[in-house]
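**Q** Structural data only, the sequence is not supplied:
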DNA sequence: GTCTATAGTACGATAGAC
DNA sequence: GTCTATCGTACTATAGAC
């Protein structure tokens, strides 16, 4: 709610996303999203201009507004689509596993994705606890989805624990250690980080 | 380095901070810092104007620039002074304790401070992984200081583990669970959060 | 559907009175 | 040391050609 969905397209008859064939970085829309995520991760939402995003994506500024309506809803799309990808990957990684094994798989997959898509991970931790913005409702969805995969495993294996808070703690351990690694000591191998996180949470 | 320290005062002969008597929120300088932390926590650095900060602090815009030179160095001060306070509190809380007991004391104290000063905690997680800003060097100090208290305990009690990464994981578990609590289910008692974090990391 | 050009505004920073 | 008033700029968003 709240956002009157001002201009977004997808209402045209012919466009209609090819459904399959969604390669990362293909198409103007995806180029803009990738460029936005990268720039916002480094400088923050407010410090990133639409001019910069358009330039980095190799398109004109007008195209950004045509595709996303305004800057805020472009950012909302970055968040929502990014967390959907993350959740899909985490769910798949823990599929069929339970308890401790499932947690280890989730942590390993989360670290892998932080390494491969550092931009989104940075944007996520930077924005998910911010209150009073336009995209407030999306933030809650993003938060619940990101932590939900961990919470689900906790709820099933340790029903006596608080699933959401324990899930948040596990997610936080992995994400902060992962970003610390990526930003401050990227030369270390993933295995070191994985071991440190598992040592900390077991 | 990098910042030529453009205008900051404290170079005048008479001003010279009273050394003792540093109450939170007393004096123009502290009012500005508190207001800045609160607004930046909610909206982010770029989305917070100096006009807004001045209005919230009850001073004129000119006073902000007189005291801090520019917007970036005001923000840098928020970060550096905030993490110094946090580190002092954490160090004191774990003083004389070792291993598991020390970790529990650190987590409890961190949760307490998140509850009492939620603004700084939000700013910290939002900005500490951001690369390529003006205040890059300060960010590294802030990161190392915040996580260093946990890392020191790990190094002493479990020398076979990677202190920095394990410290980051522990810090991340507490801070993400703490902010999740504060932002999304603030009605829960602290004890629930503390128990969830300790359950997750033991 | 993407471009260029421009309108309108809000912002960071400074100057000068008190 | 804090105020008000103002300057110049950079930004979001729109209009209209292609």
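**A** All right, it came through fine. Values in this document were obtained by computation on a predicted structure and should not be read as measured data.
**Q** Which residue ranges of chain A form helices?
**A** Remark: helices assigned in chain A by DSSP state H are A:27-43, A:50-57, A:61-68, A:71-94, A:99-116, A:118-127, A:136-157, A:163-184, A:190-201.
**Q** Could you dump those into CSV with mean neighbour count and mean pLDDT added?
**A** The C-beta positions use only the backbone N, C-alpha and C, and glycine is treated the same way. Shown next, in CSV, are these (neighbours: other C-beta atoms under 10 Å in any protein chain shown; pLDDT from 0 to 100):
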stretch, mean neighbour count, mean pLDDT
helix A:27-43, 21, 97
helix A:50-57, 18, 98
helix A:61-68, 17, 98
helix A:71-94, 18, 98
helix A:99-116, 19, 97
helix A:118-127, 23, 97
helix A:136-157, 19, 98
helix A:163-184, 27, 98
helix A:190-201, 21, 97
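**Q** any chance of those in TSV, with distance to DNA strand D too?
**A** Below are the helices of chain A laid out as TSV (distance: least, C-beta to the nearest atom of the strand, whole Å):
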stretch	distance to DNA strand D
helix A:27-43	10
helix A:50-57	4
helix A:61-68	4
helix A:71-94	4
helix A:99-116	27
helix A:118-127	16
helix A:136-157	16
helix A:163-184	24
helix A:190-201	34
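**Q** Can I get the ones you listed in CSV including distance to residue B:94?
**A** As requested, these are exported to CSV (distance: least, C-beta to C-beta, whole Å):
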stretch, distance to residue B:94
helix A:27-43, 33
helix A:50-57, 43
helix A:61-68, 47
helix A:71-94, 33
helix A:99-116, 26
helix A:118-127, 25
helix A:136-157, 27
helix A:163-184, 19
helix A:190-201, 16
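**Q** Mind putting these into a markdown table with distance to chain B?
**A** As requested, those are exported to a markdown table (distance: least, C-beta to the nearest C-beta, whole Å):
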| stretch | distance to chain B |
| --- | --- |
| helix A:27-43 | 5 |
| helix A:50-57 | 12 |
| helix A:61-68 | 18 |
| helix A:71-94 | 10 |
| helix A:99-116 | 9 |
| helix A:118-127 | 4 |
| helix A:136-157 | 6 |
| helix A:163-184 | 2 |
| helix A:190-201 | 4 |
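**Q** Residue B:95: which of those is closest?
**A** helix A:190-201 (22.0 Å; C-beta to C-beta).
**Q** which ones are touching residue A:59?
**A** A:28, A:31-32 (C-beta atoms under 8 Å, 6 or more residues apart in numbering or on different chains).
**Q** Quick check: nearest residue in space to residue A:98, chain neighbours excluded?
**A** Leaving aside its sequence neighbours, residue A:98 sits nearest to residue A:157 (C-beta to C-beta, 6 or more residues apart in numbering or on different chains; 5.8 Å).
**Q** quick one: contacts of stretch A:108-123?
**A** Outside stretch A:108-123, the residues touching it (C-beta under 8 Å, 6+ apart) are A:34, A:37-38, A:40-42, A:78-79, A:82, A:85-86, A:89-90, A:93-94, A:171, A:174-175, A:177-179, A:182, A:190, A:193-194, A:197, B:129-130.
**Q** unless I'm mixing things up, residue A:29 is touching residue A:67, no?
**A** Yes - Residue A:29 is within contact range of residue A:67, at 5.4 Å (criterion: C-beta atoms under 8 Å).
**Q** ok, now which ones touch residue A:139?
**A** By C-beta under 8 Å, 6+ apart, the contact set of residue A:139 is A:79, A:127-128, A:130, A:133.
**Q** just residue A:79 next, same as before
**A** Residue A:79 touches A:123-124, A:127, A:135, A:138-139, A:142, counting by C-beta under 8 Å, 6+ apart.
**Q** Now residue A:193: closest residue in space, sequence neighbours ignored.
**A** residue A:181 (4.7 Å).
**Q** Now do the same contact list for the one you found.
**A** A:188, A:192-193, B:165, B:168.
**Q** Recalculate using a threshold of 10 Å.
**A** By C-beta atoms under 10 Å, 6 or more residues apart in numbering or on different chains, the residues touching residue A:181 are A:111, A:114-115, A:187-190, A:192-194, A:196-197, B:162, B:164-165, B:168.
**Q** residue of chain A with the smallest distance to chain B?
**A** Across chain A, no residue is closer to chain B than residue A:46, which sits at 2.0 Å (C-beta to the nearest C-beta).
**Q** Tell me the spacing between the residue found closest to that residue once you drop the neighbours it is linked to in the chain and residue B:173.
**A** Nearest residue to residue A:46, sequence neighbours excluded (C-beta to C-beta, 6+ apart): residue B:46, at 2.0 Å. Counting by C-beta to C-beta, to the nearest Å, the separation of residue B:46 from residue B:173 is 29 Å.
**Q** any idea of the pLDDT on the nearest residue to residue A:199 once chain neighbours are set aside?
**A** Of all residues not flanking residue A:199 in the chain, residue B:161 sits nearest, at 5.4 Å (C-beta to C-beta, 6+ apart). Per-residue pLDDT puts residue B:161 at 97.
**Q** Count the neighbours of the residue lying closest to residue A:42 once chain neighbours are set aside for me.
**A** Setting aside the residues directly before and after it, residue A:42 is nearest to residue B:132 in space (C-beta to C-beta, 6+ apart), at 4.6 Å. Per other C-beta atoms under 10 Å in any protein chain shown, the neighbour tally for residue B:132 reads 9.
**Q** Does residue B:132 touch residue A:43 like I think?
**A** Yes - using C-beta atoms under 10 Å, residue B:132 is in contact with residue A:43, at 6.6 Å.
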